[in-house]
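Participant: For reference, the sequence and a predicted model appear below.
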Amino acid sequence: MPVQVWEGANANRPKHPLPTPSFSGHVKTTGSGWETLLRPAGDPEVPQTVETWCHRCKEDTKTVDRSSIYVDKDPRWTIGNHPMYVERKPTCKICADQGRVARFVPVDGKILSIFQTTLIETWREWDNKNLDRGMYVYLQLMEQVAPSGRTARFAKSRQEAGDPKKALVKTQ
């Protein structure tokens, strides 16, 4: 059974109580800590390559090799019925020239993604609560994790916001 893909990053996520997971994919049995939340490499139920671009620059992205798209040939995916691509951070020349670090999100808007740091922090939160480390529990918990946004959320500085006197403002 193929894995379902959420329609857009703002899709409604399941609410409590969670349904019994019917995950039929593979489960990674090696690795430690947060890597337990990843599918094994080569899982046939998820794409084996993912085209990505800078979450700020989109089609204007300029990678180190002067391409507008970075092709992840070894994508990492989360476990669960709604796998999320684990974002990479290759260099976007435009953002680097402006002193910013870029996240690369899938070009295909139907593919949800998650920032690796968010996944690690989620793991630590669960680990600190001494949750049962059974895979069934992790499959249920992953259904509650929200995907990353596809656009930049806040200006990093007042100068980026366009007015040095204003507080941080939401960007488009």
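Facilitator: In hand now; what should we look at?

Participant: Give the residue spans of this protein that score low on pLDDT.
Facilitator: In the predicted model, the chain carries pLDDT under 70 at residues 1-32, 130-136, 153-172.

Participant: tell me the strands in it, going along the chain?
Facilitator: For the chain, strands defined by DSSP state E occupy the ranges 50-54, 70-72, 85-86, 104-106, 113-114.

Participant: Now tell me what touches the lengthiest helix in the chain from outside.
Facilitator: Secondary structure assigned by DSSP state H gives helix 116-128 as the longest helix of the chain. Residues from elsewhere that reach helix 116-128, judged by CB atoms under 8 Å, 6 or more residues apart in numbering: 33-34, 36-37, 78, 86-87, 138, 141, 145, 148. Placement of C-beta: from N, CA and C, glycine included.

Participant: Of those residues, which belong to helices?
Facilitator: Counted as lying in helices by DSSP H, out of the contacts of helix 116-128, are 138, 141.

Participant: out of the contacts of helix 116-128, which are buried?
Facilitator: Buried positions within the contacts of helix 116-128, assessed by neighbour count (16 or more other CB atoms under 10 Å), are 34, 36-37, 78, 86-87, 138, 141, 145, 148.

Participant: and the nearest residue to Asp108 once chain neighbours are set aside, bridged to which residues?
Facilitator: Distances taken as CB to CB, 6 or more residues apart in numbering put Glu51 closest to Asp108, at 7.1 Å, once the chain neighbours are dropped. Beta bridges link Glu51 to Val71, judged by DSSP bridges.

Participant: if we can go back for a sec, make JSON lines out of the buried ones among the contacts of helix 116-128 and add distance to Lys62.
Facilitator: Below are these laid out as JSON lines (distance: CB to CB, whole Å):
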{"residue": "Trp34", "distance to Lys62": "31"}
{"residue": "Thr36", "distance to Lys62": "36"}
{"residue": "Leu37", "distance to Lys62": "32"}
{"residue": "Thr78", "distance to Lys62": "29"}
{"residue": "Val86", "distance to Lys62": "23"}
{"residue": "Glu87", "distance to Lys62": "18"}
{"residue": "Tyr138", "distance to Lys62": "38"}
{"residue": "Leu141", "distance to Lys62": "38"}
{"residue": "Val145", "distance to Lys62": "31"}
{"residue": "Ser148", "distance to Lys62": "21"}
